[in-house]
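J.: Need coordinates for the following:
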Amino acid sequence: QEYSNTVNESEIDIQARIIWACRSALISIVFMILYLVVGIAFFQTERDLPNATQFAVYTATSAGYSHLDVPKTPPFQIFDIFYIFIGIAGLAICVAQSFQFISLQASQCAKARDKAEVARQGLKRLAREQV
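T.: Numbers count the residues shown, from 1 in each chain. Here you go, the predicted structure:
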């Protein structure tokens with residue numbers, strides 16, 4: 001009975017962690033999408049949509065290819081500095097949250113696989129004992 005309660009509590013804990021990780025990953029992804037949309041909208045004041053999109057992605061991911069011209073106006077440069085800092089941090093958080101969700105899902109699948117294997121072995125043992 002005590003073992004059963006411990007296993008149930010463990011499964012509830014894992015489910016709660018998976019739900020939390022899923023929500024965190026989803027919030028991080030939505031944040032990054034909105035972040036890129038805001039960046040594209042701002043950068044579009046200086047360039048066309050494809051170039052603004054390219055500049056926003058390069059800047060947010062800190063790829064920083066030098067073939068893009070950076071406008072020299074102070075408001076643009078200030079926005080760009082903050083955009084870079086927030087982008088690097090946001091991308092790191094997004095990747096970390098997504099990785100945590102995937103690793104929790106993988107551990108849950110491994111646990112379910114192991115549980116099924118134990119059940120199969122138990123059924124084989126019962127079948128042998130009945131013969």
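
J.: quick one: buried residues of stretch 11-28?
T.: Ile18, Ala21, Cys22, Ser24, Ala25, Ser28 (16 or more other Cβ atoms under 10 Å). In this view, the C-beta of every residue, glycine as well, is placed from N, C-alpha and C.

J.: any idea how far the second one is from Glu129?
T.: Put plainly, it is Ala21. Distance, Ala21 to Glu129, using Cβ to Cβ, to the nearest Å: 42 Å.

J.: What of the third one?
T.: Computed with Cβ to Cβ, the distance linking Cys22 and Glu129 is 43 Å.

J.: and stretch 114-121, how far from the chain's centre?
T.: From the chain centre to the centre of stretch 114-121 is a distance of 31 Å (Cα atoms, centre = their mean, to the nearest Å).

J.: what's next to that stretch, contact-wise?
T.: Applying Cβ atoms under 8 Å, 6 or more residues apart in numbering, stretch 114-121 has no contact partners.

J.: try stretch 84-93
T.: Outside stretch 84-93, the residues that reach it (Cβ under 8 Å, 6+ apart) are Ser28, Phe31, Met32, Tyr35, Gly39, Thr59, Ala60, Thr61, Ser62.

J.: hang on, the earlier thing: of all the buried residues of stretch 11-28, which comes closest to Thr53?
T.: Ser28 (20.2 Å; Cβ to Cβ).

J.: check contacts around the closest one.
T.: Residues near Ser28 by Cβ under 8 Å, 6+ apart: Gly90, Ile93, Cys94, Gln97, Ser98.

J.: Excluding covalently adjacent residues, which one is nearest to the third one?
T.: Here the nearest residue to Cys94 in space, its sequence neighbours aside, is Ser28; by Cβ to Cβ, 6 or more residues apart in numbering that works out to 3.9 Å.

J.: for the host helix or strand of Ala16, the distance to its chain's centre please.
T.: Using DSSP states H and E, Ala16 maps to helix 2-43. Distance, stretch centre to chain centre, for helix 2-43: 8 Å (Cα atoms, centre = their mean).

J.: Throw the buried residues of stretch 11-28 into CSV and include pLDDT and distance to Leu104, thanks.
T.: Shown next, in CSV, are the buried residues of stretch 11-28 (pLDDT from 0 to 100; distance: Cβ to Cβ, whole Å):
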residue, pLDDT, distance to Leu104
Ile18, 85, 5
Ala21, 87, 5
Cys22, 87, 9
Ser24, 90, 11
Ala25, 88, 10
Ser28, 91, 15
